[in-house]
Structure formats: structure tokens, C-alpha cells
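> A predicted structure for the sequence below; I have some questions about it.
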Amino acid sequence: MRIMGLDFGSKTVGVAVTDPLGVIASGVEIIRRDREDKLRQTLARIEVLIQEYEVERIVLGYPKNMNDTEGDRVAKTKAFQEMLERRTGLPVELWDERLTTVEAHELMTEMGVSGKDRKKYVDSIAATLILEGYMQYHNKE
């Protein structure tokens, strides 16, 4: 079963997908939009990727604050979750994404990716980290 991981931001959505066996997560792309409230094309692109990769479940990064409270991004993420579920018919599970962007930047530093090139990759790497965390947790069960 393939699972899709999403890192939902104000103007981007990082996308990662597992291999067919659900063992390895890989970044696929970053979907960009001009305005935060313009989601129709973003949702349409996610639907295309779901079909292309035969995805059966979606894991959506849940942006809780470090002190475990829920801020403005949480409400927007939950609204996006509902849109995804309605539009795709797939289950969309929220997954704690705290520090994934920080970890993505650390990985890029280790790989020697320059500061100006990081925007090209950070959301896709963060989506991969969200998906990997979800997979590691569920493989322990």
C-alpha cells in the first residue's frame, strides 16, 4: 500500500510517497501557488499524483506549536484535511510535523546544499520526514 506524505504550507505543499511495499519514503515534488487561499489547482495536482502512484492513504503534517498548543496553521491544516478527504475519498491522517523543517535544513547543510537552493527542496524533504516518522511509528506496532 502506497502512502502519500504532505507538508502543507501557506504557498507550497511538499509531497512524498512510499514505495509499493511501504518501506521507503521519497520526495516527489513541491506544489506551489501564488496565494494561500487558492487551493483548487493544488488539490487537482494531488489527485493526479494519487492516481499516478496508486496512493491509498494520506499523511498530512500537523503543525502544532512546540509547547503542544494549536495555532493558526492548525486550523488551516484541518480545513485542508477535510478538503482532501472530500475530494479524494481517501483517509487523511494528521501527523506531528514539529521540527521537520529544521531537520530538513540540517540534512541539506550536511549534503552541502547552499542557502539559496534550499527553497527548492525543503518542503519535499519535510514531507519525506513526516512520512518516515509515520512509517517508523506504525512499523513498531
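Cool, got the structure.
> What distance do you get for residue 32 to residue 124?
Using C-beta to C-beta, to the nearest Å, residue 32 is found at 11 Å from residue 124. From N, CA and C alone the C-beta is placed, and that goes for glycine too.
> Specify the local secondary structure of residue 34.
Here residue 34 is coil, with the state taken from DSSP: H, G, I helix; E, B strand; the rest coil.
> Just give the nearest non-adjacent residue to residue 22, would you?
Of all residues not flanking residue 22 in the chain, residue 1 sits nearest, at 5.6 Å (C-beta to C-beta, 6 or more residues apart in numbering).
> could you give the mean pLDDT of stretch 66-79?
Over the span of stretch 66-79, the pLDDT mean works out to 84.
> And it, how far out from the chain middle?
Going by C-alpha atoms, centre = their mean, to the nearest Å, the spacing between the C-alpha centre of stretch 66-79 and its chain's C-alpha centre is 15 Å.
> mind listing what's buried in it?
Residues 73, 76, 77 are the ones in stretch 66-79 that count as buried (16 or more other C-beta atoms under 10 Å).
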